[in-house]
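Asks: all I have is the shape, not the residue letters:
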């Protein structure tokens, strides 16, 4: 940490930056309610026969050190890096109830940044057994969750869009749209009512208007094979914390 009291910036330690950049299951979050910046790390054994339980650690910028969370982590994370969705002060990941990493995730795990506690959210109960891929997204108002579902019989060309209309209540899941294109595409995020940001097979970003059945080319081409999208909420909160500005 920077020790010069006249320096208006505080730097994250190199090992923290390294973990973020190498895409381990580590999520960095701005905790607006107490103006802090946190990194959450979940460690687990990928051996399904192991007796080792997952453990969680938090790095808080105000404290400047790692600490263990003395709570049971209810789920297991995918082997590959998993994107997150930040809703209602809680970061969400697709996860497993048991270490069955060769199948699709079967639940959603949440971590409350304020209370530093975990929660488990069930997926829609009637998804079927032939799902091929699941992707998580926030709703337009950032107050609840959406789930994109692709099935094996029409790989990548058809996605269902499920909305959790009342956050945290499994009975509020409803299938809102079925999006069908003539080419493979990946839905990334719901950006407006009835509009979905997506990447199509020739490495372009498009905006799909589901209700009007229109596709708008956003003139962004040459996407890398692997990339990540994240929601951004403008905030002036950091301007109030003086020496605690984050570089």
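Replies: Right, received. Where do you want to start? Treat the numbers as computed from the prediction; the structure is a model and nothing was measured.
Asks: residue 38 touches residue 56, doesn't it?
Replies: No - counting by CB atoms under 8 Å, residue 38 stays clear of residue 56, with 11.6 Å between them. Yep, even glycine has a C-beta here, placed from its N, CA and C like the rest.
Asks: those two - which one has more neighbours?
Replies: Neighbours of residue 38 and residue 56, each counted by other CB atoms under 10 Å, are more numerous for residue 38; the result is 21 against 18.
Asks: ranges for the helices of this protein?
Replies: For the chain, the helices defined by DSSP state H cover 14-21.
Asks: and the residue nearest the centre of it?
Replies: Centroid check for the chain by CA atoms, centre = their mean gives residue 84 as the closest residue, at 1.1 Å.
Asks: that one contacts residue 93, doesn't it?
Replies: Yes - in this structure, residue 84 is within contact of residue 93 by CB under 8 Å, at 5.5 Å.
Asks: give me the below-cutoff pLDDT ranges for this structure.
Replies: Across the chain, residues meeting the criterion (pLDDT under 70) sit at 1-12, 16-35, 46-51, 79-82, 101, 154-156, 202, 222-247.
Asks: what do you get if the cut-off is 80, keeping everything else the same?
Replies: 1-37, 44-53, 62, 78-83, 99-102, 128-129, 152-156, 201-203, 220-247 (pLDDT under 80).
Asks: how long is stretch 121-141 from one end to the other?
Replies: 19 Å (CA to CA, to the nearest Å).
Asks: quick check, distance from that stretch to the centre of its chain.
Replies: Chain-centre distance of stretch 121-141: 13 Å, with CA atoms, centre = their mean, to the nearest Å.
Asks: what comes up buried for it?
Replies: Buried residues in stretch 121-141, counting neighbours by 16 or more other CB atoms under 10 Å, are found at 121, 123, 124, 127, 131, 134, 135, 136, 137, 138, 139, 140.
Asks: can you check stretch 199-211 too?
Replies: The neighbour-count check on stretch 199-211 (16+ other CB under 10 Å) flags 199, 200, 204, 205, 206, 208, 210 as buried.
Asks: which one of those residues is nearest residue 169?
Replies: Relative to residue 169, the closest of the buried residues of stretch 199-211 is residue 210; by CB to CB it sits at 24.1 Å.
Asks: how near is that closest one to residue 69?
Replies: Distance from residue 210 to residue 69, counting by CB to CB, to the nearest Å: 40 Å.
Asks: equivalent analysis for residue 90, please.
Replies: Relative to residue 69, residue 90 is positioned 15 Å away (CB to CB).
Asks: same check on residue 94?
Replies: 21 Å.
Asks: ok, those two, which is more surrounded?
Replies: residue 94 (22 against 17).
Asks: and the gap between residue 52 and residue 94?
Replies: 22 Å.
Asks: ok so, going back, overlap in contacts of residue 38 and residue 56?
Replies: With contacts defined as CB atoms under 8 Å, 6 or more residues apart in numbering, no residue is shared by residue 38 and residue 56.
Asks: got a list of what residue 84 touches?
Replies: If you count contacts by CB under 8 Å, 6+ apart, residue 84 has them with 27, 91, 92, 93, 136.
Asks: any figure for the gap between it and residue 138?
Replies: Distance, residue 84 to residue 138, by CB to CB: 10 Å.
Asks: for residue 214, same thing?
Replies: 23 Å.
Asks: beta-bridge partners for residue 134, please?
Replies: residue 149 (DSSP bridges).
Asks: that one reaches residue 145, doesn't it?
Replies: No - look at residue 134 against residue 145 with CB under 8 Å: they stay out of range, at 11.6 Å.
Asks: next up, phi/psi of residue 130, please.
Replies: Backbone torsions of residue 130, given as degrees, to the nearest 10, read phi -110, psi 30.
Asks: what sits against the closest residue in space to it that isn't next to it in sequence?
Replies: Distances taken as CB to CB, 6 or more residues apart in numbering place residue 152 nearest to residue 130, at 4.9 Å, with adjacent residues excluded. Residues counted as contacts of residue 152 (CB under 8 Å, 6+ apart) are 130, 131, 132.
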